[in-house]
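Visitor: A structural model of the following input is requested.
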Amino acid sequence: MEIFTKGAQDTQNVGKKITGLIKQGKRTRATILALYGELGSGKTTFVQGLAKVIGVPHRILSPTFTIMREYPVQYLDFTRLFHIDLYQIKEVDNDTLGLSEIFANPRHLVVIEWAERLGNKLPKDHLDIYFEVKNQGRLIIVRNYE
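Guide: Have a look, this model is predicted:
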């Protein structure tokens, strides 16, 4: 799926639409959304829209300097949203950030900006979302679970 957005509200709306692609029901591990794209391409704005629709009662801020933020979730059978930004990290060890434990819980929704920094430590069953700045807007490309 490819979507072109012309502003922040459009990009947030894509975050809302993605909830329809998130697998519901019996899961054996966390639901992981892997985000890719340059600085300013709309990744955090997308997460803000997603957070609204799943009932996160807090303002979503970029975790660039804190690396990870955790929020309570009210809808879609999730209990926690983990918003992770690996921009400041060159190489990630799953246990250093506690990712193994976070990934193991099927009631967690995990959104990872700069997911490519995880390399082969990124679980295979995730949704890839690519962000590109194009013609004064954003092109968002969603690839289904592997």
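
Visitor: Locate residue 141 within the secondary structure: which element?
Guide: strand 137-143 (DSSP states H and E).

Visitor: Now name the helix or strand holding the residue most central in space within the chain.
Guide: Geometric centre of the chain, nearest residue: residue 111, 2.4 Å, by Cα atoms, centre = their mean. Taking DSSP H and E as the criterion, the element that holds residue 111 is strand 108-113.

Visitor: Quick one: name whatever helix or strand follows that strand.
Guide: Following strand 108-113 toward the C-terminus (DSSP H and E): strand 127-134.

Visitor: what's the average pLDDT for that next one?
Guide: Taken as a whole, strand 127-134 carries a mean pLDDT of 91.

Visitor: rewinding a little: let me know the pLDDT of the residue nearest to the centre of the chain.
Guide: For residue 111, pLDDT reads 94.

Visitor: For it, which residues are in contact?
Guide: Shown in contact with residue 111 (Cβ atoms under 8 Å, 6 or more residues apart in numbering): 32, 33, 35, 47, 50, 81, 82, 83, 84. Every residue, glycine included, has its C-beta placed from N, CA and C.

Visitor: burial count for the nearest residue to the first one once chain neighbours are set aside?
Guide: What that stands for is residue 32. With Cβ to Cβ, 6 or more residues apart in numbering as the criterion, residue 32 has its nearest non-adjacent residue at 3.9 Å, and that residue is residue 126. Neighbours of residue 126 under the rule other Cβ atoms under 10 Å: 21.
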